[in-house]
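>>> give me coordinates for this.
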Amino acid sequence: MCGIAGFFNLDGRPAEGHDVQVFVDSLTHRGPDGSGVYTHGPIGLGHRRLSILDLSEAGRQPMADTDRRFHITFNGEIFNFLELRRELEQDGAHFATDSDTEVILAAYKRWGADCVLRFNGMWAFAIWDASREELFLSRDRFGVKPLRYLQEAGRFSFASELKSFRHLAGFAPRENVTEMRNLLARGGMSMEETPFEGVKRLPGGYNMLVTRESVRKWRWWRTIDHLPAVPATFNEQVEQFRELFFDAVRVRLRSDVPVASCLSGGLDSSSIVCALPELSRNAGEREARDCHHAFVASFPGTSRDERSYAEAVIEKTAAEGHIFAVEADDVVKHVEQYCYDIEMCGDRLSIPLWMTYRNLRQHNIVVSLDGHGADEMLAGYDRPYLNALHAEGNLLRAPRQTLSRARTVHGIYGSAARGRKSLYSILADNDPVLRANRALMHRGWTAFEHRVLGRKDAHSAGATTGVADWAQKVAPIRYMDDDTRDIAERLGPFKGFLYKEFHGTTLVNVLRTFDRCSMAHGVEIRMPFMDWRLVTYTFALPDDAIAGDGYTKRILREAMRGALPEVVRTRKSKMGFGSPMEHWFNGALGDWVMSEITSRPFVESALWNGPAIRDFALERHRSKSWTKDDAQQVWRFVQANRWRTVVGHA
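Alright, predicted model coming up:
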């Protein structure tokens, strides 16, 4: 896990070592354990090292093969490198290091670009072929590790992070106004654009080949093309899911340094921590023996605090718990650095993540097993896609299945403050007889809520208004290049929604957030749920294995029966690892937020309606009446202003 950067002078000019060093040293936070530069003719490769596998000098990068034809700079981990190494040795390959980096080089020599199909891991790497003067770049299946690139007249450049291009010799970053407006209006990245004009994002599952004559990009992975056959019964499906999940955790324990976990108390991170005791009893080759650290962020006195659930997991597993409180004063102290590190515009203030990984580094832990990916493929969010779960339900043809699916949807929506739907209404969505009477029933229930329960609708409760006018509307953009209609036809409406969230929208933003927050402190995140074997298996499952009998993540809950504390295994509340923004805005962070919003660059920005946001925020600030929704709506613009100020666009 490291930071990589480099460039290929397409016009043949020799690469200057100093220029490469400055470029890659902008990523020192990603790799504080050392740096390396390789230049030869028109190519310059740079590397910042975070030592995890083969801690010796032999593991330094850029690394060359024995013939010095191929040179690589690599960010990530190949978790099945031991198995690949043995296979390559049988073909006559010889290895001088104990690293996975050397395995990539040998695999590329043996199989060419198709080597990536054999990798189980997360990566972004560049390999220089000195014989052919070709630069091959690749990004892992799901885009876990970042890669940005810039194609100019006479030069091709790449780096792990966007901010690095500010240190690229001869390049003056210009703001990509279209993408900034997209981020402000929607909060999600487009498929390839970045906030710097000309700098692109190589999507997950793509390769590139750069020569002096051409730059070719192609897709090497589509999850939907690799779905396996699954067992016929639910019990057999659960058994195979458990085997895949435990093996995904096992291979991610391969490390020459200690491994920890960030434990929120939710189902996903708790499942990982609860898998460790069984795996530790039969630890294999190169697996970390010191892996029972659980880091927990606590928000005392707020509704965001999940400490009790995390403590139940720690008690059951006898893990070494590291529980720390996220204090508002600490947030204020570091919020500007966080905004620079995160290099994005979003409605979530994810500084608790940033502080959690800082805590790991302070305890000399640089590897964390985390639960990302499970929510998007196992329906962990209270999203409208749950309505699609029973899109083909029918009480007459399949009463048990239809009731099960309706109970699942009701289990998520029935107790929600927003989007409340009765079990009757959910069933009526798809049953023709009930649907005919739904309007009458709805009017009766609404009247009952108002008269007897005293509930008010969103407008009468003082919901945020005018927010839609704060940012300019933008045309629809591409989040992914799959034919979503084809996916929906092949997977059905429910898994079709999940597929899009996993590959194109929600998870893409989650991965970017966690990468920047962790690597700001030189900490690597490993994600067992992102193992390609588990992902393809999950998307091949029937809908009812994912959600049914009142629960989402049904198969994971069953797979972890007995391993998880029941209070965690059966919980339905979903918080996500967020922050109590409304408390901070009404407290210690409020003055800092207002100093940003009332600043001249913010008020006069051409990207948003500064006076309207200022007036809205002033009213909330004076009355200390910030709500969570208010804070999230405003934060997107505050964070954008801070980023633009730092990079000189404000």
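
>>> element containing the closest residue to Phe299 other than its chain neighbours, please.
Nearest non-adjacent residue to Phe299, counting by Cβ to Cβ, 6 or more residues apart in numbering: Asp305, 4.5 Å away. Where you see a C-beta, it was placed from the backbone N, CA and C, and this is true even at glycine. Assessed by DSSP states H and E, Asp305 sits outside every helix and strand.

>>> distance of Asp305 from Met480?
Asp305 sits 36 Å away from Met480, going by Cβ to Cβ, to the nearest Å.

>>> sorry, back to before: so how far is Ser350 from the residue nearest to Phe299?
17 Å.

>>> try Leu55
Per Cβ to Cβ, Leu55 is found 31 Å from Ser350.

>>> you'd agree the residue nearest to Phe299 is up against Ala297?
No. Asp305 lies out of contact with Ala297 (Cβ atoms under 8 Å); the separation is 9.2 Å.

>>> settle it for me: which of those two has more neighbours?
Per other Cβ atoms under 10 Å, whichever of Asp305 and Ala297 has more neighbours is Ala297, with 25 against 18.

>>> what packs against whatever helix or strand the more buried one lives in?
In this assignment (DSSP H and E), Ala297 forms part of strand 293-298. On a contact count with 3 or more Cβ pairs under 8 Å, 6 or more residues apart in numbering; DSSP states H and E, strand 293-298 meets strand 260-262, helix 307-317, strand 320-325, helix 351-362.

>>> dump the C-alpha coordinates for that strand into PDB.
C-alpha atoms of strand 293-298 as PDB (Å, rounded to 0.1, in the frame of the first residue of the first chain):
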ATOM      1  CA  HIS A 293      -7.100  -4.900  17.900                       C
ATOM      2  CA  ALA A 294     -10.500  -3.200  17.500                       C
ATOM      3  CA  PHE A 295     -10.600   0.600  17.200                       C
ATOM      4  CA  VAL A 296     -13.900   2.200  18.100                       C
ATOM      5  CA  ALA A 297     -15.000   5.800  17.600                       C
ATOM      6  CA  SER A 298     -17.500   7.000  20.200                       C
END
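
>>> mean confidence for it?
Strand 293-298 shows a mean pLDDT of 95.

>>> name the residues that touch it?
The contact list for strand 293-298 (Cβ atoms under 8 Å, 6 or more residues apart in numbering) reads 258-265, 273, 305, 307, 310-311, 313-314, 317, 319-326, 352, 355-356, 359-360, 363, 365, 368, 577.

>>> narrow those to those that are buried.
Buried positions within the contacts of strand 293-298, assessed by neighbour count (16 or more other Cβ atoms under 10 Å), are 258-265, 273, 305, 307, 310-311, 313-314, 317, 319, 321-322, 326, 352, 355-356, 359-360, 365, 368, 577.

>>> sketch out the low-pLDDT regions of the stretch 451-600 of the chain for me.
Across the stretch 451-600 of the chain, residues meeting the criterion (pLDDT under 70) sit at 451-468, 483-484, 575-577.

>>> can you give me the strands in it?
524-526, 547-548, 551-552 (DSSP state E, counting those that start in this stretch).

>>> the helices in the stretch 101-250 of the chain, which residues?
Assigned by DSSP state H, counting those that start in this stretch, the helices in the stretch 101-250 of the chain fall at 177-186, 234-251.

>>> so which of those helices gets nearest Arg49?
Nearest to Arg49, of all those, is helix 234-251, at 22.0 Å by Cβ to Cβ.

>>> other SSEs contacting that closest one?
For helix 234-251, the packing partners by 3+ Cβ pairs under 8 Å, 6+ apart come out as helix 267-280, helix 532-540, helix 543-546, helix 554-559.

>>> just the buried residues of that helix, please?
Buried residues in helix 234-251, defined by neighbour count with 16+ other Cβ under 10 Å: 234, 237-238, 240-242, 244-251.

>>> now do stretch 133-144
For stretch 133-144, by 16+ other Cβ under 10 Å, it's Glu133, Leu135, Phe136, Leu137, Ser138, Arg139, Asp140, Arg141, Phe142, Gly143, Val144.

>>> how far does that stretch sit from its chain's centre?
Distance of stretch 133-144 from its chain centroid, counting by Cα atoms, centre = their mean, to the nearest Å, is 18 Å.

>>> residues touching His167, list them.
When contacts are counted by Cβ under 8 Å, 6+ apart, His167 touches Val22, Phe23, Asp25, Ser26.

>>> which one of the helices and strands packed on helix 234-251 lies nearest to Thr194?
Of the helices and strands packed on helix 234-251, nearest to Thr194 by Cβ to Cβ is helix 532-540, at 25.6 Å.

>>> centre of the chain to the closest one, how far?
When distances are taken as Cα atoms, centre = their mean, helix 532-540 is centred 17 Å away from the chain's centroid.

>>> now the angle from it to helix 234-251?
160 degrees (axes from the mean of the first three to the mean of the last three Cα atoms, to 10 degrees).

>>> buried residues in the helix or strand harbouring Asp341?
In the assignment (DSSP H and E), Asp341 maps to helix 328-342. By neighbour count on 16+ other Cβ under 10 Å, the buried set for helix 328-342 is Ala328, Asp330, Val331, Val332, Val335, Tyr338, Cys339, Asp341, Ile342.

>>> endpoints of stretch 472-492, how far apart?
Using Cα to Cα, to the nearest Å, one end of stretch 472-492 lies 34 Å from the other.

>>> what's in contact with it?
178, 181-182, 184-186, 188-191, 193, 203, 219, 222, 224, 388, 391-392, 496, 499-500, 503-505, 508, 539, 543, 607-608.

>>> roughly how far out does stretch 266-280 sit from the chain middle?
Worked out by Cα atoms, centre = their mean, stretch 266-280 lies 19 Å from the chain centre.
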